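**Student:** the following comprises the amino acid sequence and a computationally predicted model.
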Amino acid sequence: MLRTLAALLIVPLAFLLSACASRGPAGERPPMAGRPPVVIEPEDLGRVLGSSRPPVVLDTRPLADFEAARLAGARRIDLAEWGERSRSKESPLTDAAFWRGRASALGIGPNTPVLVYDAGGLTDAARIWFILQHIGVGDASVLNGGFKAARPLVSEGFIRSGPDGAAPAAARWPDRAFGAGVVGLEEREALRQTLAAEASARPQILDARTVNEYTGADPRGNPRGGRVPGAVNVPHAALLNEQGRLRPPAELRTLLTGAGLSPDRPMITYCQSGGRASLAALAAAHAGFTDVRNYYMSFSEWSADQSCPVDK
């Protein structure tokens, strides 16, 4: 069920949230009607890539790895550029024209299905996924386990090597506001205001960093160590199983609710610089949480602003 984000957001537009869970074993929550899954299992690659409407496949790995072996039809995306740009003042995620131009150059429009994968850590793919769905790509998903999980599971017909092919035709974007995303963007001032609100009105805050970062024992070079007040710690590694895949929706839901996070209340994720927070937001959406936002600039920005409170 779509919900309008809180009016406290200073993002100029409202982002609508909905739950998305990929197909899983019997008893798990199915995807909400009308919303594609946010996670694709490697075992489903044949069906997805061979469908009548195959996705644009984005590879976030280094160039040498991409040229050595990749999924058929994959286009390489420069993770370093996208990551640095998305955290810069020159091209923040609220700059619709800039980011839609980047997507358009990859042949991606608002209605283009997209599948993103990385080497296997999932935070790189989740970061790109978050940016794409935030700017209005309505059918963006992440390959669970990345290329490491996919390679032994697909036939040789799905693996390619060598340089990238010709550049795709640019996709067209209508001149309109950002579309609805599975996960919304949270900004520092909005988060500060929510902390000042009455406790009953505050969203839940999920800190996806390590325990030592959360307690302040590892300040990670930040001006101040610690955490956003009221944050619950669920390290991003706990969201993954022994094979390095994102856990199934039912397991994620149990993990998150066990940490005191309710699927019926708004939730904000953060980490150090956006990648682990994007993965946590992806995991929450996969688990069926319906109102999720990502404080993408995360603790590196928060700790540097002396007016923002920090707990230890």
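**Tutor:** Structure received. Numbers count the residues shown, from 1 in each chain.

**Student:** how much space between residue 62 and residue 77?
**Tutor:** Counting by C-beta to C-beta, to the nearest Å, the separation of residue 62 from residue 77 is 12 Å. Placement of C-beta: from N, CA and C, glycine included.

**Student:** neighbour count winner among these two?
**Tutor:** residue 77 (23 against 14; other C-beta atoms under 10 Å).

**Student:** give me the nearest residue to the more buried one, chain neighbours excluded.
**Tutor:** residue 58 (4.7 Å; C-beta to C-beta, 6 or more residues apart in numbering).

**Student:** now swap in residue 301 and tell me
**Tutor:** That would be residue 188: by C-beta to C-beta, 6+ apart, it lies 5.9 Å from residue 301.

**Student:** hang on, the residue nearest to residue 77 in a helix?
**Tutor:** No - counting by DSSP: H, G, I helix; E, B strand; the rest coil, residue 58 falls outside a helix, being strand.

**Student:** list the contacts for it?
**Tutor:** Residue 58 makes contact with 74-77, 106, 114-117, 128, according to C-beta atoms under 8 Å, 6 or more residues apart in numbering.

**Student:** what's the residue nearest to residue 301 in contact with, if anything?
**Tutor:** So residue 188 contacts 295, 297, 301-302, 305, 308 (C-beta under 8 Å, 6+ apart).

**Student:** if any of those residues are buried, put those into a ChimeraX selection.
**Tutor:** Remark: buried members of the contacts of residue 188, expressed as a ChimeraX selection using 16 or more other C-beta atoms under 10 Å:
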select :295,297,301,302,308
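
**Student:** mind checking which of the contacts of residue 188 land in helices?
**Tutor:** The members of the contacts of residue 188 that map onto helices under DSSP state H are 301-302.

**Student:** tell me the one among the contacts of residue 188 nearest to residue 84.
**Tutor:** residue 297 (12.9 Å; C-beta to C-beta).

**Student:** which residues sit in contact with that closest one?
**Tutor:** Residue 297 neighbours (C-beta under 8 Å, 6+ apart): 87, 187-188, 273-274.

**Student:** now it: phi and psi?
**Tutor:** phi -70, psi -20 (degrees, to the nearest 10).

**Student:** all strands in the protein, in order from the N-terminus.
**Tutor:** 3-4, 16-17, 39-40, 56-59, 70-71, 75-76, 114-117, 140-143, 159-160, 184-186, 204-207, 232-233, 267-270, 292-295 (DSSP state E).

**Student:** between those, which gets nearest to residue 93?
**Tutor:** strand 184-186 (5.7 Å).

**Student:** give the other helices and strands that the closest one contacts.
**Tutor:** strand 292-295 (3 or more C-beta pairs under 8 Å, 6 or more residues apart in numbering; DSSP states H and E).

**Student:** name the helices or strands packed onto the strand it packs on?
**Tutor:** Using 3+ C-beta pairs under 8 Å, 6+ apart: strand 292-295 touches strand 184-186, strand 267-270, helix 275-287.

**Student:** please produce CSV containing these, extended by mean pLDDT and mean neighbour count.
**Tutor:** Putting the helices and strands packed on strand 292-295 into CSV (pLDDT from 0 to 100; neighbours: other C-beta atoms under 10 Å) gives the following:
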stretch, mean pLDDT, mean neighbour count
strand 184-186, 93, 27
strand 267-270, 97, 28
helix 275-287, 98, 29
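
**Student:** which of those sits closest to residue 149?
**Tutor:** That would be, of those and by C-beta to C-beta, helix 275-287, which comes in at 15.1 Å.

**Student:** show me where pLDDT drops low in this protein?
**Tutor:** Within the chain, the segments meeting pLDDT under 70 span 1-34, 155-156, 176-180.

**Student:** quick one, helices of it?
**Tutor:** So, for the chain - with DSSP H - the helices run 45-49, 63-68, 79-86, 96-105, 123-135, 146-150, 188-196, 211-215, 249-258, 275-287, 298-304.

**Student:** so what's the gap between the second one and the chain middle?
**Tutor:** Pointing back at helix 63-68 there. Offset of helix 63-68 from its chain centre (C-alpha atoms, centre = their mean, to the nearest Å): 24 Å.
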